[in-house]
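> quick one, fold the following:
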Amino acid sequence: MATIASRHPYCKPDHILLDIGPSGSYARRACSSCRSAESLWASMGESHAFRGERGSPGINATLRSRATWCITRNLRGNYMKLCKLLLAVAGATVLLGALVSSASARNLSISNQQLRANFREVRFSGLFGTTVCQVTVEGSLHSRTIAKVVGSLIGYITTVRLGPCSTGTATVLSETLPWHVRYRGFSGTLPNITRIETDVINAAFRVRTPEGFNCLSRSTPEQPSRGEYARNVVSQQITSANIGGTIETSCGIPGSFSSDNGPVRLLLTGELIFVRLI
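Here you go, the predicted model:
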């Protein structure tokens, strides 16, 4: 009589063990994969190896049952593998779509259009020394949506107030206001923008250095002053701003602007500013 064992140390996990023969003297063992179980069952009636048991309904029924079980198991396994593959492909497609969407996003969305930035130290440095003053800058954006187009006009600086100067003195040429703010670019890798960069055109100061030199400076499209806004990629908040740049002066030598990192807030309420990628 033939019996079938589902596990044997000499058989692989996907194989079956056949005990064939009416007694120990005629018993033989063979490992057979599920894929060949059906063909073994079909050949039972003709094989002399099964001696008096060949064609036995019991053997045939057992093998048929085992073959059917193997086939069912294989189909179920293949179905599960297919489902897992489809889920993986679907997940990858969604992730890729999100990345492509973020990478191809063309605009920045600003939570508010009226901004104020305060700087404890704005430094104007040149050959004749350094002037350091407190500065408050106020401005507005043309829209809450900014296209990432280099050189596009996105807003104005409408008010600049100088506070106390620790060294030297300075004067804002208010008749040149409003100063133009143009989009220059960003730092970071999309969608994780860490810094938004702008150029400021027509920014004009008269600076008196500690040595007594008076120098007039004014930014141009060729030599702009610059404003940079740091952004937290998790909260999407603008955390600070700083100004800089190098421009020619009436003293015949270029001067450089730099500042500390100052807070940026909504003009009237002091609320935080957020920038999102859309």
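> all the helices of the stretch 51-200 of the chain, residue numbers only.
For the stretch 51-200 of the chain, applying DSSP state H, counting those that start in this stretch gives helices covering 57-104.
> residue ranges with poor pLDDT in it?
Counting by pLDDT under 70, the stretch 51-200 of the chain shows low-confidence ranges at 51-105, 127.
> if you set the cut-off to 80 instead, what comes out?
Where the stretch 51-200 of the chain drops to pLDDT under 80, the residues are 51-105, 127-128.
> contacts for the helix or strand harbouring Val207?
Secondary structure assigned from DSSP states H and E places Val207 in strand 204-208. Strand 204-208 is contacted by residues 124, 131, 168-173, 176, 214-219, 249, 255 when judged by Cβ atoms under 8 Å, 6 or more residues apart in numbering. From N, CA and C alone the C-beta is placed, and that goes for glycine too.
> list buried residues within those.
124, 131, 168, 170, 172, 215, 217-219, 249, 255 (16 or more other Cβ atoms under 10 Å).
> return the closest of those residues with respect to Asn112.
Nearest to Asn112 among those, counting by Cβ to Cβ, is Val172 at 24.2 Å.
> nearest residue to the closest one other than its sequence neighbours?
Leaving aside its chain neighbours, Val172 sits nearest to Val160 (4.7 Å; criterion: Cβ to Cβ, 6 or more residues apart in numbering).
> next, count neighbours for the one you found.
21 (other Cβ atoms under 10 Å).
> tell me which residues touch it, please.
Val160 is in contact with 135-138, 172, 174, 177, 179, counting by Cβ under 8 Å, 6+ apart.
> which of these fall within strands?
Counting by DSSP state E, the part of these found in strands is 135-138, 172, 179.
> for the residues you listed, pick the one with the most neighbours.
The most crowded member of these, judged by other Cβ under 10 Å, is Val137 (24 neighbours).
> OK, contacts around that residue?
By Cβ under 8 Å, 6+ apart, the neighbours of Val137 are 116-119, 157, 159-160, 243.
> now Ile201
Residues in contact with Ile201 (Cβ under 8 Å, 6+ apart) are 179-182, 219-221, 224.
> what is it paired to in the beta sheet?
When assigned by DSSP bridges, Ile201 has beta-bridge partners His180.
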